[in-house]
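Enquirer: how does the following fold in three dimensions:
(one chain, ligands or ions: 1)
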Amino acid sequence: MAKSGKRSRAKQRPRTRHPALTVAALGLLGLGAAVAGFAFWRSPPPESDTEAMIALGRQVYEANCAACHGVNLEGQPNWRQRRADGTLPAPPHDAAGHTWHHPDQQLFAVTKYGVAALAGPGYKSDMPGFGTTLSDAEIRAVLEYIKSTWPEEIRRRQAQATLRARTQGGG
Ligand code: HEC
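Expert: Residues are numbered from 1 along each chain as shown. Now for the predicted structure:
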C-alpha cells in the first residue's frame, strides 16, 4: 500500500511540475528573444552611445584635467581664493563648484580656448586651452563625463541654462 502510494506520487510529480517548467522556460526564451530583437532593432541604442562617450570622457579627464581639478572633481583647496600672483586655484567640477552654472557653449569654449584667451588681455589664469591637444569630440566627451557625475536637479538646471543661452543666441 505504502509502496504504491509512493509510486503514484512520484508519477504525479513530473506531470504537475513539467508544465510549470515549460512555461517558465518559454517565458525566458521569449524574454531573451525580445531583448535580442530590441537590441538588434535599436542598434546601436542611444544609451550605449552616451555610455561610450562618458567612458571616453573619463579617460580624457583623468589624463588632462584631474591633475588640477582633482581625481574626484573636487578641485584645489581654497579654490575661491586668489593667490598672491592673481591666479585662482582650479575649481571643483562636482555639484559644489560652479561649472554647472555655465551653459554648454561656455564650458566648451573655456575648455577649448582656456580662460585667459576668453577673459581678455591682462587676466592671468592657469586654465589652459585644449584646442590643440584635444579634438572637439574629446572636449564634448569630457564635459559629458563631468555632467554624468551631477545629481539630476543640477543637470536639469544646467540644461536650462544651455537652452536659454541658445535661444538668446549666446553661443
Ligand atoms: C593646469 C591646471 C588645469 C588643468 C590641467 C585644467 N584646468 Fe580647468 N581650470 C583651471 C583653473 C585654475 C580654473 C579657474 C580659472 C580662472 O577662473 O582663472 C579652471 C577653470 C575651468 C573651467 C571653468 C569652471 C567655472 O566654473 O567657471 C572649466 C569648464 C574647466 N576648467 C575645464 C577643464 C577641463 C575639461 C580640463 C581638462 C580637459 C581642465 N579644465 C584642465 C586649471 C586647470
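Enquirer: how about the residues of this protein that lie near the ligand?
Expert: 64-65, 67-69, 88-91, 97-99, 102, 107, 110-111, 115, 125-128, 130, 142 (C-beta under 6 Å from any ligand atom). In short, each C-beta sits where N, CA and C put it, glycine included.
Enquirer: make a ChimeraX selection of the buried ones in these.
Expert: A single ChimeraX command selects the buried members of those (16 or more other C-beta atoms under 10 Å):
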select :64,65,69,88,89,90,91,97,99,102,107,110,111,115,125,127,128,130,142
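Enquirer: report the contact partners of the closest residue to Q76 other than its chain neighbours.
Expert: Nearest residue to Q76 in three dimensions, chain neighbours excluded: P89, at 3.7 Å (C-beta to C-beta, 6 or more residues apart in numbering). P89 makes contact with G75, Q76, P77, N78, W79, Q81, R83, D126, according to C-beta atoms under 8 Å, 6 or more residues apart in numbering.
Enquirer: distance of the second one from A90?
Expert: The one in question is Q76. 5 Å (C-beta to C-beta, to the nearest Å).
Enquirer: overlap in contacts of these two?
Expert: By C-beta under 8 Å, 6+ apart, the residues touching both Q76 and A90 are C68, H69, G70.
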